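[1] Give me a 3D structure for the following:
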Amino acid sequence: MSGDLDYLIRARVADMQDYDRLYQKLTNSVSLADVSASFVMEEIKDTTALPL
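    Residues are numbered from 1 along each chain as shown. Purely as a prediction, here's the structure:
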């Protein structure tokens with residue numbers, strides 16, 4: 001990785017309440033200067049396997 005990110009956490013949550021619980025737990029346990037989030041609205045492909 002390069003650029004603005006120091007760490008990337010990829011998490012699958014059930015809903016926004018579940019995300020909020022994860023976010024609160026993370027920000028309460030680690031000193032952070034900046035947090036950004038991106039959300040996937042629909043799943044197109046859930047595997048990295050290529051058909052051969």
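[2] In this protein, where is pLDDT below threshold?
    1-3 (pLDDT under 70).
[3] what ranges do the helices span in it?
    Applying DSSP state H to the chain gives helices spanning 16-29.
[4] Can you tell me the centre-most residue of it?
    R10 (3.7 Å; C-alpha atoms, centre = their mean).
[5] where's that residue relative to F39, distance?
    12 Å (C-beta to C-beta, to the nearest Å). Heads up, the C-betas are built off the backbone N, CA and C, glycines and all.
[6] And Y23, by the same measure?
    Y23 is 12 Å from F39, where distance means C-beta to C-beta.
[7] For these two, indicate the residue with more neighbours.
    Y23 (15 against 7; other C-beta atoms under 10 Å).
[8] give the contact list for the more buried one.
    By C-beta atoms under 8 Å, 6 or more residues apart in numbering, the contact set of Y23 is V35, A37.
[9] With L32 instead?
    By C-beta under 8 Å, 6+ apart, the residues touching L32 are L26.
[10] Dihedrals phi and psi, it?
    In terms of degrees, to the nearest 10, the main-chain angles of L32 are phi -120, psi 140.
[11] Can you report how many residues lie near L26?
    Neighbours around L26, by other C-beta under 10 Å: 13.
[12] do the same with D20
    11.
[13] now M16
    10.
[14] related to what we said a few turns ago, need the residues touching each of Y23 and F39.
    With C-beta under 8 Å, 6+ apart as the test, Y23 and F39 reach no residue in common.
[15] The residue nearest to the centre of the chain and D18: what is the separation?
    Distance, R10 to D18, by C-beta to C-beta: 15 Å.
[16] cool, A37 as well?
    13 Å.
[17] quick one: which of those two has more around it?
    Neighbours per residue (other C-beta under 10 Å) separate A37 from D18, with D18 holding more: 12 against 8.
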